[in-house]
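In: just need the structure, nothing else, for what follows:
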Amino acid sequence: MNKDIIINETKIFVKNKLLSEGTGHDWYHIKRVYNLSTYLCEKENGDEFIIKMVALLHDIDDWKFSNNHNTTEDFLKSINVDKESMSKIMKIIKTMSFKGGVQDSTQDSIEGKIVQDADRLDALGAIGIARAFAYGGSKNRVIYDPHIKPMKFKSLEDVKNANNHTINHFYEKLLKLKDLMNTNTAKHIAEERHRFMELFLNEFYYEWNFHKDL
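Out: This is a model prediction of the structure:
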């Protein structure tokens, strides 16, 4: 198994699948997660092949925009990834998503912890803000409705069916991520990105309420 060839084939496959994806889970999100994962791997150690493959493939079967939940596994078989590696890759992918905080996403391997951190870091900061509104727009959600308070989800179905707005997503997920980082390196990066989101929200409410008596 030539790992470099497999990684390159995977890059081509994922790029073709997600280049024009419009919810903020596009090819450029994958590239950022891949680069962040590689950086975290250098700092925290781990199996670089597993980390890179998970980073590349983690959104292919994402429930938010994919109706086929076997594409990733079928692809790994088609490029002859060994069974042990495929098992590790699939286990991480199936368990790393936040999913409204209603399912256990705890990672028991450093590889899972690293890619989960990288994916969550890309949901923070300036890019995280942009992605939140891109996703909200793709679901026809309003930017903000002060009458709809942040929700406490009890199941994945609640997450999928919520009549929500994008600002609530900050309180239901994004502002929680800083304290959910696994690695010390990611925790340090998350602190700065978290502060930027808090600054954004303060400015957002200031502008929203400007001359609100009109």
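In: where does the protein have low pLDDT?
Out: 63-69, 99-102, 155-156, 158-161, 212-214 (pLDDT under 70).
In: count of neighbours near E207?
Out: If you count neighbours by other CB atoms under 10 Å, E207 ends up with 8. No exception for glycine: its C-beta is placed from N, CA and C like everyone else's.
In: where's it, which helix or strand?
Out: Assessed by DSSP states H and E, E207 sits inside helix 184-208.
In: report the secondary structure state of G46.
Out: Judged by DSSP: H, G, I helix; E, B strand; the rest coil, the three-state class of G46 is coil.
In: ok, back up a step: roughly how far is the helix holding E207 from the heart of the chain?
Out: Here helix 184-208 shows a centroid-to-chain-centroid distance of 17 Å under the convention CA atoms, centre = their mean, to the nearest Å.
In: tell me the helices and strands packed up against it.
Out: Using 3 or more CB pairs under 8 Å, 6 or more residues apart in numbering; DSSP states H and E, the elements in contact with helix 184-208 are helix 27-44, helix 110-121, helix 125-138, helix 166-172.
In: would you list those in JSON lines and tack on mean neighbour count and distance to M86?
Out: Below are these laid out as JSON lines (neighbours: other CB atoms under 10 Å; distance: least, CB to CB, whole Å):
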{"stretch": "helix 27-44", "mean neighbour count": "19", "distance to M86": "18"}
{"stretch": "helix 110-121", "mean neighbour count": "26", "distance to M86": "13"}
{"stretch": "helix 125-138", "mean neighbour count": "17", "distance to M86": "29"}
{"stretch": "helix 166-172", "mean neighbour count": "19", "distance to M86": "33"}
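In: will you turn the ones you listed into a markdown table that also has distance to D179?
Out: A markdown table is the format used below for the helices and strands packed on helix 184-208 (distance: least, CB to CB, whole Å):
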| stretch | distance to D179 |
| --- | --- |
| helix 27-44 | 17 |
| helix 110-121 | 11 |
| helix 125-138 | 15 |
| helix 166-172 | 14 |
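In: alright, I will stop here.
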